[in-house]
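J.: Build me a model:
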Amino acid sequence: MAGLANRVGSNLWVIPIACFTIAEALLIAVAFWFDDPILLVSVKPELRKDIYSSVTGSSSGLLGFCLAAVAILAAFAPKRDDRPAARRHEREMAEARSDIAKCLLVTSLFLVIILGFSTVGIGADVREQGNVAIAGTVTAAGLAAIGGILISGLGVTLSILERSQNDAGR
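T.: Model (predicted):
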């Protein structure tokens, strides 16, 4: 179990993909299992368009935030230090920033999926009962984006705490 935790810890980008896959599979199963529509599928078309519009605006703002965070993480260079232990630590911190940036890029992909499917939903999802594929994909991508942002934020927080503890110890 510890080996799995280490692999996931060094591949944070897998978490949003797993969130999307699990959520999409569950939403499809629930849609076929029950006859009654759920979530966005059950909402009236006018309200559904408003929801898609709101989701489009929110996801575009978060997309800009994620891409800016990736650019900032890419700009951080390891501190130069002649001590081997300090060099190793800086290399580990650079790898951690790289892992966080990868997770943010995958999260950005899901935000783009939300943007695309929500835009299509505004124009095409006009029947009384909504489109299961569009609503399910938007919902699952939203859950994946939330998971990716939370994991990336936790990683950045831990990285900052680690850096501040090392700076205070010197």
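
J.: Sketch out the low-pLDDT regions of this protein for me.
T.: Residue ranges of the chain with pLDDT under 70: 1-10, 77-79, 81-82, 166-170.

J.: Show me the longest helix that occurs in it.
T.: Looking across the chain with DSSP state H, the single longest helix is helix 84-124.

J.: For that one, what is the distance to the chain centroid?
T.: 7 Å (CA atoms, centre = their mean, to the nearest Å).

J.: ok, then the element right after that helix?
T.: helix 132-169 (DSSP states H and E).

J.: name the helices or strands packed onto that next one?
T.: Here helix 132-169 touches helix 14-33, helix 45-75, helix 84-124, going by 3 or more CB pairs under 8 Å, 6 or more residues apart in numbering; DSSP states H and E. (C-beta placed from N, C-alpha, C; glycine too.)

J.: Recalculate using a threshold of 6 Å.
T.: helix 14-33, helix 84-124 (3 or more CB pairs under 6 Å, 6 or more residues apart in numbering; DSSP states H and E).

J.: Distance to G64 and mean neighbour count added to those, as JSON lines?
T.: Listed next are the helices and strands packed on helix 132-169 as JSON lines, based on distance: least, CB to CB, whole Å; neighbours: other CB atoms under 10 Å:
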{"stretch": "helix 14-33", "distance to G64": "18", "mean neighbour count": "16"}
{"stretch": "helix 84-124", "distance to G64": "9", "mean neighbour count": "18"}
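
J.: mind putting those in JSON lines, distance to A141 included?
T.: Below are those laid out as JSON lines (distance: least, CB to CB, whole Å):
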{"stretch": "helix 14-33", "distance to A141": "6"}
{"stretch": "helix 84-124", "distance to A141": "4"}
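
J.: S54: which of those is closest?
T.: Closest approach to S54 among these (CB to CB): helix 84-124, 8.8 Å.

J.: got the angle between the closest one and helix 132-169?
T.: If you take axes from the mean of the first three to the mean of the last three CA atoms, to 10 degrees, helix 84-124 sits at 160 degrees to helix 132-169.
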